[in-house]
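1. Curious how this folds, go ahead:
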Amino acid sequence: MSEQFTGVKPVEERHRIDIGRLEEFLKAQLEGLRGPLQLEQFKGGQSNPTYRVTAGGKRYALRRKPPGKLLPSAHAVEREYKVIKALHGVGFPVPRPYLLCEDDSVIGTAFYVMDCVEGRVLWDQSLPGMSRAERRAIWEELNRVIALLHSVDYKAVGLEDFGRAGSYIERQVGRWSKQYLASETEKIEAMDKLIAWLPKNVPATGETTIVHGDYRLDNTVFHPTEAKMLAVLDWELSTLGDPLADFSYHCMSWHIPPGKFRGIEGLPLEELGIPGEREYVEMYFKRTGRKGVSPSVWDYYMAYNLFRIAAICQGIAKRVVEGTAASEHARDAGARARPLAELGWAQVEKILKRAA
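-> Below you'll find the predicted structure:
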């Protein structure tokens, strides 16, 4: 667990909130809330500033859009609240949602309030300090929960209008290409190649489920002592889409070295007790009843997801330049756009070599 990302800190000056106004609003909306409020800011997170609100011995989490000029469709806290509310209703591990406020006059931007789930946020995917059995159990639970998400009937939970069925990859490539170009601070040849190649080579897919969009270890909260997931966090990128695109994003860990982004490529997985990629993928297919895909289709998903996260990192880099990035570690994240894009293009080169 990384101390630089874990826990809370005093609220940054640029993310300050009128506590008196917030307290007045929450007391009117949340039954049983007693002041005075204490406000702290979580260290982690690059996108939407998140706060721990303490009042009368109870803790809540408040997540808001950042101040300043924002990219179109970015920082969608309203969508986060909608999907969390729907999933909480069927027992999926998410924090209990309390309210959504879209009135900018309260704290300056839209926000929502949910339970502050107490537990472990594990940042290092190699899980240092754990036994082989403990590591294995954590990764098994990660697999179980994403398989569970992709098995939820989105129509039955009221999310039929949460996105569009079909053409998910095409729409995502188009969206992230636009977001990347709107955030471009320097030319990255690998990104230009991916923007040109990906939309012309989309594999045929037909299934639609709820997708998280950023499912990874450090966007979850585990029980303090057990390998039990208490909550999946950060639903900003969730929508209706291709479950294999969502799952393969999670599987990028096996393709990224630890130093470039939170990956496990090159680590002694057997020694650590962490399943290899092939075994992990088979676990998911068995849990969901889905059929496997060819190596070239899997490589396409990897290239697409590396492109997508590179575009996200480029957006962070742009916000650093503009002074709106939510995390003090945003500069480091923004610098990863180029190496991630290059890893993505390397996946495409594997496909081209296989086809030659």
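
2. check contacts around Leu127.
-> Shown in contact with Leu127 (C-beta atoms under 8 Å, 6 or more residues apart in numbering): Glu134, Arg135, Ile138, Leu272, Ile274. The way it works is simple: take the backbone N, C-alpha and C, and place the C-beta from them, glycine included.

3. how many neighbours does the second one have?
-> Burial of Arg135, expressed as a neighbour count using other C-beta atoms under 10 Å, amounts to 21.

4. Same question for the last one.
-> Burial measure for Ile274: 22 neighbouring residues, criterion other C-beta under 10 Å.

5. Over to the fourth one?
-> Using other C-beta under 10 Å as the criterion, Leu272 is surrounded by 19 other residues.

6. In terms of pLDDT, where does the nearest residue to Met252 once chain neighbours are set aside sit?
-> The shortest distance from Met252 to any non-neighbouring residue, by C-beta to C-beta, 6 or more residues apart in numbering, is to Asn305 (5.4 Å). Asn305 carries a pLDDT score of 94 in this model.

7. Leu198 belongs to a helix?
-> Yes: under DSSP: H, G, I helix; E, B strand; the rest coil, Leu198 sits within a helix.

8. on that earlier part again, closest to Val8 out of the contacts of Leu127?
-> Comparing those against Val8 with C-beta to C-beta places Ile138 closest, at 23.7 Å.

9. So what touches whichever helix or strand that closest one is part of?
-> Here Ile138, judged by DSSP states H and E, is contained in helix 132-149. Applying C-beta under 8 Å, 6+ apart, the contact partners of helix 132-149 are 87, 92-93, 122, 126-127, 130, 209-212, 215, 217, 220, 222, 227-229, 232, 246-247, 250, 271-275, 280, 283-284, 287-288.

10. following the lowest-mean-pLDDT helix or strand in the chain, which helix or strand comes up?
-> For the chain, the helix or strand with the lowest mean confidence is helix 330-334, at a mean of 66 (criterion: mean pLDDT, DSSP states H and E). As assigned by DSSP H and E, the chain's next helix or strand after helix 330-334 is helix 337-355.

11. Identify all contacting residues around that following helix.
-> Against helix 337-355 from outside (C-beta under 8 Å, 6+ apart): 188, 190-191, 193-194, 197, 201, 255-256, 260-261, 295-296, 299-300, 302-307, 309-311, 313-314, 317.

12. Render the CA-only coordinates of it in CSV, please.
-> Provided in CSV are the C-alpha atoms of helix 337-355 (Å, rounded to 0.1, in the frame of the first residue of the first chain):
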residue,chain,number,x,y,z
ALA,A,337,0.8,8.7,-21.9
ARG,A,338,3.7,8.2,-24.3
PRO,A,339,5.0,4.8,-22.9
LEU,A,340,1.5,3.4,-22.6
ALA,A,341,0.7,4.4,-26.2
GLU,A,342,3.9,2.7,-27.3
LEU,A,343,2.9,-0.5,-25.5
GLY,A,344,-0.4,-0.3,-27.3
TRP,A,345,1.2,0.0,-30.7
ALA,A,346,3.5,-2.9,-29.8
GLN,A,347,0.3,-5.0,-29.4
VAL,A,348,-0.8,-4.0,-32.9
GLU,A,349,2.5,-5.0,-34.2
LYS,A,350,2.0,-8.5,-32.7
ILE,A,351,-1.3,-8.8,-34.6
LEU,A,352,0.3,-7.6,-37.9
LYS,A,353,3.2,-10.0,-37.5
ARG,A,354,0.8,-12.9,-36.9
ALA,A,355,-1.2,-12.0,-40.0
